[in-house]
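A.B. asks: predicted model, plus sequence, below.
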Amino acid sequence: MMKQLLIGIAAAALAACATPPSGVAPAPAAAPAPAPIDPVAQAGQAITGDLILDHIKVLASDAFEGRLPGTVGEDKTVAYLTAQFKTLGLAPGNPDGSYVQNVPMVGISGTPTMQLKVGGKSIKLEPKHDFVAATQRFVPEVKVKDSDIVFVGYGVQAPEYGWDDYKGLDVHGKTLVMLINDPAVPDPNDPSKLDARYFKGPAMTYYGRWTYKYEIASTLGAAAAIIVHETIPAAYPWEVVEHSWGGEQFSLAAADKNMSRVPVQSWITLDKAHELFSAAGYDFDTLKKAALSRDFKPVALKAKAGFTIRNKVREVQSHNVVAVLPGNDPQLKNEYIVYTAHWDHLGRDDSLPDPIFNGAADNASGTAGLLAIAKGYAALPQAPKRSVLFAAVTAEEQGLLGAQYYAAHPLYPLTRTLADFNMDVLNTLGPTKDIQIIGTGQNTLEDSFTAIAAKHGRVVVPDTDTPKGFYYRSDQFEFAKRGVPALYPKAGEQVIGKPDGYGAAKRAEYTANDYHKPSDEVKPDWDLSGGAADARLLFETGYAVANGTIWPTWKDGSEFKAIREAQLKAAP
């Protein structure tokens, strides 16, 4: 009894201690345990708009002189990128222990003249204003004299569409006049639309790219190729051609000195094309319409072309800048994902009032995004299973040369490279609800990206500019050509807090006023928070692939699917 009494007294005392005096609030209940922190999302917070803008301001400053390969601008860019990768603690991306991959190139500064004669009468042509002409041959001078001019429509040989604009014509020694883009074949049931059976309907295929047109001219042995510029099908105004082709041109070093290339690569304005065709007795618009048929045959214009291009030729050792975050899995660390962005732009032209092509959007922004994503990976508490390579590539503006060189001479086998994520011109308008995918429907990376975007309340939409063929115009294309699934997102147009149409209007304004012009500089109203949000999506998607169990694949209907399957089948 005594023991029970003592226990009762003790219990009462404890209860009294636990019960607060009258008028005193009870002690608050213990707070619930905090939700576990997602380390990937937390690391992604290192990717900020301010960080990206700071990098852009450095890379696009006048001190970097437009970042042309083979100049002091390249030296400063390579040094800056290398220092940033080192600061982040990333390892050298080249297995030789360096942060660079040498890219041997040849620079050609040409002074061209061009003559077009019909019936012995010359058409007046002013360099840059009416035409541009260059050569990829590493020689002091190129001459083409009295070459017969032939209009070959779009200049396409596409057996999968039963399309051949040449119809067996021997074009050796001839000058070919070609239309830009690929044939916009009307739908026979609705002429207001394009026939999806040919060249992907409204989307541009590689047959529409200027690179293809010069390549086919080379293959067929032509003396020169002239592309007729039109702003809408080209997707940029004549000034872009003038600035892009008016300065030093680069090619990858070649043992044959590029003597297999067509001697002259040229563009003329639409006005001069009309003048040439009219003088030869033809209507340009009539022949252009005729070229939309598979039955089109080449038309000899009864005109002659002549070119002289005097060159200054120099060897240039350019560089891709590379860093790697080694994977943490003993087996999977020998597999890779790659992030790419081109660091180069057009340099300077001292004949202009503003001589420096700063390339702030194109592509200091993408390069800044690459550095920001690298910082996100560096902030992870543990690296992903697979290794992550960051590659700032050279000479994209010259024809994707840095990416082309890497794809031909990969630092790590492409058969063990799961994906490439490319950035070229980030969103500078602020956060958007949407984000676009260039080349929608190509591979399963798009599906992973879409799922991650949805978690952030974002929506992935198809490219609104499919006729411009952007998938063939940036560095991911060189990886795709070699079979590696590649994703190239593009800024959305549904800018939060802005009226409908604002994003599309700003994009059109950039293309018309700033693209490949000295005015591509940092603007006071830029808001890189949207670019940062887009970069975080790429960061999270890449992390998921680097840790995933299923490799990304090309989808049925992609022109790259068979390449990858053959590549992996042949791999040891």
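C.D. replies: Nice, thanks for sending it over.
A.B. asks: mind listing the helices for the stretch 451-572 of the chain?
C.D. replies: Ranges of helices in the stretch 451-572 of the chain, per DSSP state H, counting those that start in this stretch, are 476-481, 502-513, 529-547, 561-570.
A.B. asks: using CSV, list the CA coordinates for the second one.
C.D. replies: So that's helix 502-513. Output of helix 502-513 as CSV, limited to C-alpha atoms (Å, rounded to 0.1, in the frame of the first residue of the first chain):
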residue,chain,number,x,y,z
TYR,A,502,5.1,40.1,-76.8
GLY,A,503,7.6,37.3,-77.0
ALA,A,504,7.1,36.6,-80.7
ALA,A,505,7.4,40.3,-81.4
LYS,A,506,10.7,40.6,-79.4
ARG,A,507,12.1,37.6,-81.2
ALA,A,508,11.3,39.1,-84.6
GLU,A,509,12.8,42.4,-83.5
TYR,A,510,16.0,40.7,-82.5
THR,A,511,16.3,38.9,-85.9
ALA,A,512,15.6,42.1,-87.8
ASN,A,513,17.7,44.5,-85.8
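A.B. asks: that helix versus helix 529-547: what angle between them?
C.D. replies: Put simply, helix 502-513 runs at 100 degrees to helix 529-547, going by axes from the mean of the first three to the mean of the last three CA atoms, to 10 degrees.
A.B. asks: off-centre distance for helix 502-513?
C.D. replies: 18 Å (CA atoms, centre = their mean, to the nearest Å).
A.B. asks: now do stretch 406-414
C.D. replies: 18 Å.
A.B. asks: helices along the stretch 51-200 of the chain, start to end?
C.D. replies: Under DSSP H, counting those that start in this stretch, the stretch 51-200 of the chain gives helices at 72-87.
A.B. asks: how many neighbouring residues does residue 281 have?
C.D. replies: When neighbours are defined as other CB atoms under 10 Å, residue 281 has 11 of them. Backbone N, C-alpha and C define where each C-beta goes, glycine included.
A.B. asks: tell me which residues touch the spatially closest residue to residue 568 that is not a sequence neighbour, please.
C.D. replies: Closest residue in space to residue 568, ignoring its immediate chain neighbours: residue 415 at 6.0 Å, by CB to CB, 6 or more residues apart in numbering. Applying CB atoms under 8 Å, 6 or more residues apart in numbering to residue 415 gives the contacts 567-568, 571.
A.B. asks: buried ones from the residues you listed, can you make that a PyMOL selection?
C.D. replies: In PyMOL syntax, the buried subset of the contacts of residue 415 is picked out as below (16 or more other CB atoms under 10 Å):
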select buried, resi 567
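A.B. asks: hang on, residue 234 packs against residue 208?
C.D. replies: No - Residue 234 is beyond contact range of residue 208, at 9.4 Å (criterion: CB atoms under 8 Å).
A.B. asks: shaky segments in this protein?
C.D. replies: Along the chain, segments meeting pLDDT under 70 span 1-35.
A.B. asks: need the residue closest to the centroid of it.
C.D. replies: With distances taken as CA atoms, centre = their mean, residue 474 lies nearest the centre of the chain, 2.4 Å away.
A.B. asks: how far away is that residue from residue 487?
C.D. replies: Distance, residue 474 to residue 487, using CB to CB, to the nearest Å: 11 Å.
A.B. asks: which residues do the two both contact?
C.D. replies: Counting by CB under 8 Å, 6+ apart, the shared contacts of residue 474 and residue 487 are residue 422.
A.B. asks: same list (the helices of the stretch 451-572 of the chain) but as JSON lines, adding distance to residue 169.
C.D. replies: Formatted as JSON lines, the entries for these read as follows, by distance: least, CB to CB, whole Å:
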{"stretch": "helix 476-481", "distance to residue 169": "28"}
{"stretch": "helix 502-513", "distance to residue 169": "36"}
{"stretch": "helix 529-547", "distance to residue 169": "47"}
{"stretch": "helix 561-570", "distance to residue 169": "30"}
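A.B. asks: out of the ones you listed, which gets nearest to residue 462?
C.D. replies: When the helices of the stretch 451-572 of the chain are compared by CB to CB, helix 502-513 sits nearest residue 462, at 14.0 Å.
A.B. asks: for the nearest residue to residue 209 once chain neighbours are set aside, give me its contacts.
C.D. replies: Sequence neighbours aside, residue 472 is the residue nearest to residue 209 in space, at 5.2 Å (criterion: CB to CB, 6+ apart). By CB under 8 Å, 6+ apart, the contact set of residue 472 is 204-206, 208-209.
A.B. asks: with residue 198 instead?
C.D. replies: Contact partners of residue 198, counting by CB under 8 Å, 6+ apart, are 161, 163, 183, 185.
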